[in-house]
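[1] requesting a structural model of the entry that follows:
(one chain, ligands or ions: 1)
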Amino acid sequence: PLHLIWFRNDLRLNDNPALFNAAKAGSVVGVFFICEKQWQEHNDSPAKLGLIADRLREFSKELKQKNIPLKIIAVDYFTEIPGKLTQFCKKHAIHDLWFNNEYPLNEKKRDDQTEQELKKISVTSHRFNGDVILPPGSVLNNSGSMFQVFTPFSNAWRLRANPEILTAFKPPRKQSELAIESDEIPQFGGEYRTDLWQVTTKSIHSRLHKFVERSEQSYKELRDFPAINATSTLSPYLTIGAVGIRECIQVLIETNSDEAFHRQWLTELIWREFYRHLIATNPRLSQGLCFKPVADNLQWQVNQSNFQRWCDGKTGFPIVDAGMRQLKQTGWMHNRVRMITAAFLTKLLRIDWRLGEAHFMQHLMDGDFASNNGGWQWSASVGADSVPYFRIFNPYRQAEKFDPQGNYVRKFVPELSSINDKKIHQPSTLSCETLGYPNPMIDYASERKKTLEIWSEFLNTA
Ligand code: FAD
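    A predicted model of the protein is given here:
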């Protein structure tokens, strides 16, 4: 009998537990749903969707080499999928559906509904956790609940992650040819920097290997410096599942023996898992609510023109503007600068973190609900284990510390390229006027003071 594998954010042959197990069970056909309206509602960026379309084209070729046909079905919303899958299974006499779980609420509902609908026509769903090493709900504290703080989660995670769990699943074997043709992949999504983001498995694996080989000393020391290419830039591929999390860890273990680097990079990957476990166990997070319920009553400033200046990279704070322009131009932003720009919006402009969250999603190639929501709630001090409200990033000090020569600012804010290293992060009013760069839109010290007052009053009365 024929088995159906439903691909979503797992566009890879290697380290794909649903595909691995389906192929062991029998002959396999794949399906992928294009859901443009749903994606739009989820704020998925045109660039990320363009990357998915191109990756899908490449992936379809890879599947073909294994004689696995890939069918494409277009719908508007997730709610149409159970019906379409029912028709598909009936047409091809399929009794088993295989897929890897996704954890945000709409995705979970879609998968549960599909499972129930298909049960009615005697199709069994086989679900796997291909996007994480340890499934949500399996790393719990002593009272059997999800951790609310990262470090104990990470310690518990490390204790449970044994070599067997960390081993990547092998790609499927070549199967006998089926009488089903693969579909052409239609154009969807928008443009992105194809010079920066390639989609072949070879190029993605080479990015992973090169990063792991060269990062022995440099990652821990340099990962916070946005002008230096010291991080893996694998996030878009992890987000769309073009590379697997176990693959990353396996390459890390096999290729590099530096203890400090191992620990640090693994910690970042565990942050990713932490946020996935949080959204899987707390539906509030998928409903636009704060992890800390009290924070739902915070009053945010409504100021469209300030928000727009932030989005456009015209705040007059060079490091913030560089980050916001990097996001628009490349679809990616360095982690340190994500923290700086998010803190600027939520702690100095006091604008609702949800607006920032949506703007990031609309532009990021790696836009990922769990990590983005986690990063924003962390920055706004409303999330699990988030930065305390009184720790307000000073954009000038952050810039001097992490972009000491101003090279990052110079790259993305070319108006300031002639200014020397010392002054570039805080150019004089006269230089700004001469160079056509805006003066700071706010006074840092007085806004910081106001925010501290507002928060402490809020917490006293909450
Ligand atoms: P590396 O340093 O090489 O890390 C390896 C991988 O670990 C990353 O690819 C990513 O999958 C994971 N990772 C690293 N740091 C984090 C983190 N803090 N939280 C969760 N996972 C992490 N990451 C996304 O993948 N998608 C997002 O939409 C996203 N939005 C963010 C929004 C804000 C406000 C903040 C502060 C952070 C956000 N991050 C997001 C996390 C982080 O900035 C990126 O994962 C990282 O910059 C990607 O670069 P890299 O692949 O070179 O990371």
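
[2] quick one: contacts of the biggest strand by length in the chain?
    Counting residues, the longest strand found in the chain (DSSP state E) is strand 27-35. With contacts defined as C-beta atoms under 8 Å, 6 or more residues apart in numbering, strand 27-35 is touched by 1-8, 19, 22, 56, 63, 68-78, 81, 84-85, 88, 92, 94, 98, 172, 175-176, 178, 180, 186, 188. (C-beta placed from N, C-alpha, C; glycine too.)

[3] tell me the mean pLDDT for it?
    Averaged over strand 27-35, pLDDT sits at 98.

[4] partners of that strand, with directions?
    Strand pairing for strand 27-35, using DSSP bridges, gives strand 2-7 (parallel), strand 70-75 (parallel).

[5] what separates the last one from the chain centre, distance-wise?
    Centroid displacement of strand 70-75 relative to its chain, using C-alpha atoms, centre = their mean, to the nearest Å, is 24 Å.

[6] numbering from 11 from now on, please.
    Okay, using 11 as the starting number, the last item reads as strand 80-85.

[7] dump that strand to PDB, restricted to CA.
    What follows is strand 80-85, C-alpha atoms only, in PDB (Å, rounded to 0.1, in the frame of the first residue of the first chain):
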ATOM      1  CA  LEU A  80       5.700  15.300  -4.700                       C
ATOM      2  CA  LYS A  81       2.200  16.600  -5.300                       C
ATOM      3  CA  ILE A  82       1.300  20.300  -4.700                       C
ATOM      4  CA  ILE A  83      -2.200  21.400  -3.600                       C
ATOM      5  CA  ALA A  84      -3.100  25.100  -3.200                       C
ATOM      6  CA  VAL A  85      -5.700  26.200  -0.700                       C
END
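
[8] list the buried ones in whatever helix or strand comes next after that strand?
    Counting by DSSP states H and E, the next helix or strand C-terminal to strand 80-85 is helix 91-101. By neighbour count on 16 or more other C-beta atoms under 10 Å, the buried set for helix 91-101 is Ile91, Pro92, Leu95, Thr96, Phe98, Cys99.

[9] got a markdown table for these, with pLDDT too?
    As requested, the buried residues of helix 91-101 are arranged in a markdown table below (pLDDT from 0 to 100):
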| residue | pLDDT |
| --- | --- |
| Ile91 | 98 |
| Pro92 | 98 |
| Leu95 | 98 |
| Thr96 | 98 |
| Phe98 | 98 |
| Cys99 | 98 |
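
[10] looking at these, which is nearest the ligand?
    Top of the list for closeness to the ligand, among those and by C-beta to the nearest ligand atom, is Ile91 at 23.8 Å.

[11] shouldn't that closest one be in contact with Thr124?
    Yes: with contact defined as C-beta atoms under 8 Å, Ile91 reaches Thr124; the gap is 6.0 Å.

[12] can you give me the strands in the stretch 111-260 of the chain?
    With strands called from DSSP state E, counting those that start in this stretch, the stretch 111-260 of the chain shows them at 134-138.
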